[in-house]
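Enquirer: A structural model of the following input is requested.
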Amino acid sequence: MSTRPRFHLAFPVVDLEAARRFYVDVLGCGTGRECPDWIDFDFEGHQIVAHLAPEESSASAHDVDGKAIPVRHYGLILPWDRWEQMADRLRQHGIPFLVEPYVRFARQPGEQGTLFVRDPSGNALEFKTFRSDDAVFAR
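Expert: Purely as a prediction, here's the structure:
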């Protein structure tokens, strides 16, 4: 088991099989336990769980860098090369970007690459990267 704590996140989906295709086929997640109403996914060692709950979607957003960023979102911080590979993988699968990959705070503390996509149920995912782990909380 990892010495770093893992997070657990449960989120609503409108179609479990569409969620399975996206998280397994597109993002490369493994699966764990499941039942007719939910599926566990291995999200780089973190447990995320898709729960069938079509009535629970949210579309609120904030303006960040002139882009509408969904308030409710989750994702991963990846090494820079893996972030670029994820962007390529999403493109290869024809997944539209909610926010195209770009770099924020270039040559400043907290420089980061970020991109946003939606899963088939409309849940927003952010994949980001930093030049250094020390920059994750830099001001």
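
Enquirer: helix or strand right after the helix or strand of the chain with the lowest mean pLDDT?
Expert: None of the helices or strands of the chain scores lower by mean pLDDT, DSSP states H and E than strand 61-64, at a mean of 86. Next along the chain after strand 61-64, taking DSSP states H and E as the criterion, comes strand 67-70.

Enquirer: pLDDT of the following helix or strand past that next one, averaged?
Expert: Going down the chain from strand 67-70, the next helix or strand is strand 73-77, by DSSP H and E. In this model, strand 73-77 has an average pLDDT of 95.

Enquirer: show me what strand 73-77 is packed against.
Expert: Judged by 3 or more CB pairs under 8 Å, 6 or more residues apart in numbering; DSSP states H and E, strand 73-77 is in contact with strand 124-130. For glycine as for every other residue, the C-beta is placed from the backbone atoms N, C-alpha and C.

Enquirer: between strand 73-77 and the strand it packs on, find me the angle.
Expert: 30 degrees (axes from the mean of the first three to the mean of the last three CA atoms, to 10 degrees).

Enquirer: strand 124-130 pairs with which strands?
Expert: strand 73-77 (parallel), strand 112-118 (antiparallel) (DSSP bridges).

Enquirer: buried residues of stretch 96-110, list them for me.
Expert: By neighbour count on 16 or more other CB atoms under 10 Å, the buried set for stretch 96-110 is Leu98, Val99, Pro101.

Enquirer: residues contacting it, please?
Expert: 65, 67, 69-70, 83-84, 87, 90, 111-118, 124, 130, 135-136, 138-139 (CB atoms under 8 Å, 6 or more residues apart in numbering).

Enquirer: show me just the buried residues among those.
Expert: So, by 16+ other CB under 10 Å, the buried ones in the contacts of stretch 96-110 are 69-70, 83, 87, 90, 111-118, 124, 130.

Enquirer: spatially, which two of the residues you listed are the most separated?
Expert: Spatially, the most separated pair among these is Glu111 and Arg118, at 25.5 Å (CB to CB).

Enquirer: centre of the chain versus the longest helix seen in the chain, how much separation?
Expert: Assignment by DSSP state H gives helix 80-92 as the longest helix of the chain. Using CA atoms, centre = their mean, to the nearest Å, the mean C-alpha position of helix 80-92 is found 12 Å from that of the whole chain.
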